[in-house]
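J.: Just to be clear, the model below is a prediction. Sequence and coordinates:
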Amino acid sequence: MDSTFIKISDIEIENSNVKTFYFDYELKSKPGQFIMLWIPGTDQKPFSVSFDNGQKFGLTIFKRGPATNKLFKMKIGDRVGINGPYGTNFTINPNLHYIMVAGGYGAAPLKFLTQTINGAAIDFIAGGRTKDNLLFEEELTKIPNLNLHITTDDGSKGYKGFVTDVLVELLAKIDPAQKDKTLVVTCGPELMQKKVLDICNEHNINCEVSIERYMKCGMGICGQCVIDDLGICMCKDGPVVNQKLANQIFEFGKYHRDKSGVIVHSQ
């Protein structure tokens, strides 16, 4: 499929390694979906959408590897190619109580979700190694009905510890009669997400997980993102999966495959 070439309309620096690139383009994406971004002469990579108001969308990108290094050198007015949006999305239901568990730049699609579920009660748990790794703190504090819980590994801001520690505390406070009206959604490092899934299983709380796998096409053609041992493509049947499906994915939290298909164990 041919890419659509669009101009970068704005660039916002989030921290020393993260920028949000904005495009004046009607993408029509939903929270949790992704696009394939082509940097001409370098590579094509998948990125989750962090903002979409119907007329403009944004991608919040962590600098890592040749493609993103090239992108970080680009300026407003430069063009990139896009395909998409692709994949599944998080549930959008303003009548639910959402508990969002974000690790690092996994906060990007969850921030988009907060701006879509107007009126919903939200507990947003944002984690980072240090306070300098946290994203969207100022934006999140302005969202109505949202309680922000910050955690850092080194204790430089908020709770010293893991996002899953705070998740356990929040779940313990839920009225049993309200469990079916609570949804935990998570995006971030895979081992963190596997722990979130395990906690939700233990507490009998519904959850959705965004599972990242290496992708080349985004349309289920190349087979690069097929997972063991279900044989489904995460670009089409994911990246957002429900609790039942996440529990069936054998490799989740154990390993993934790199671009050559070699198993890389989770750390």
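T.: Cool, got the structure. Every value quoted in this text rests on a predicted model; they were computed, and no experiment measured them.

J.: counting contacts, what elements does the longest helix seen in the chain pack onto?
T.: Counting residues, the longest helix in the chain under DSSP state H turns out to be helix 190-203. When contacts are defined as 3 or more CB pairs under 8 Å, 6 or more residues apart in numbering; DSSP states H and E, helix 190-203 sits against strand 97-103, helix 163-172, strand 182-187, strand 206-210, helix 243-248. All C-beta atoms are positioned from the backbone trio N, CA, C, and that covers glycine.

J.: Next, the distance between the ends of stretch 93-102.
T.: 19 Å (CA to CA, to the nearest Å).

J.: That one: which residues count as buried?
T.: 96-102 (16 or more other CB atoms under 10 Å).

J.: Contact partners for the closest residue to Arg129 other than its chain neighbours?
T.: Nearest non-adjacent residue to Arg129, counting by CB to CB, 6 or more residues apart in numbering: Asp153, 4.8 Å away. Applying CB atoms under 8 Å, 6 or more residues apart in numbering to Asp153 gives the contacts 127-130, 160-162.

J.: From these, list the buried ones, please.
T.: 127-128, 162.

J.: tell me the pLDDT at Met1?
T.: Confidence at Met1, expressed as pLDDT, is 58.

J.: And the strands in the stretch 1-150 of the chain?
T.: With strands called from DSSP state E, counting those that start in this stretch, the stretch 1-150 of the chain shows them at 4-7, 10-15, 18-23, 34-39, 43-48, 51-52, 57-62, 79-86, 97-103, 121-128, 146-152.

J.: Gln243 is nearest to which of those?
T.: Comparison of the strands of the stretch 1-150 of the chain against Gln243 by CB to CB identifies strand 97-103 as nearest, at 13.3 Å.

J.: Give me the angle between the closest one and helix 163-172.
T.: Counting by axes from the mean of the first three to the mean of the last three CA atoms, to 10 degrees, strand 97-103 lies at 170 degrees to helix 163-172.

J.: ok, back up a step: quick check: angle from the longest helix of the chain to helix 163-172?
T.: Going by the same axes, to 10 degrees, helix 190-203 makes 20 degrees with helix 163-172.

J.: what comes up buried for helix 190-203?
T.: Those would be 190, 192-197, 199-200, 203, for helix 190-203 by 16+ other CB under 10 Å.

J.: swap in stretch 114-122?
T.: Going by 16+ other CB under 10 Å, stretch 114-122 has these buried residues: 114, 116-117, 120-122.

J.: Extract the C-alpha set from it and format it as PDB.
T.: Taking Å, rounded to 0.1, in the frame of the first residue of the first chain, the C-alpha atoms of stretch 114-122 are listed here in PDB:
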ATOM      1  CA  THR A 114      -8.300   9.900  28.700                       C
ATOM      2  CA  GLN A 115      -9.200  12.600  26.100                       C
ATOM      3  CA  THR A 116     -11.700  10.300  24.500                       C
ATOM      4  CA  ILE A 117     -13.800   8.900  27.400                       C
ATOM      5  CA  ASN A 118     -15.400  12.200  28.400                       C
ATOM      6  CA  GLY A 119     -16.900  12.100  31.900                       C
ATOM      7  CA  ALA A 120     -15.400   8.800  33.000                       C
ATOM      8  CA  ALA A 121     -13.800   8.400  36.400                       C
ATOM      9  CA  ILE A 122     -10.100   7.800  35.900                       C
END
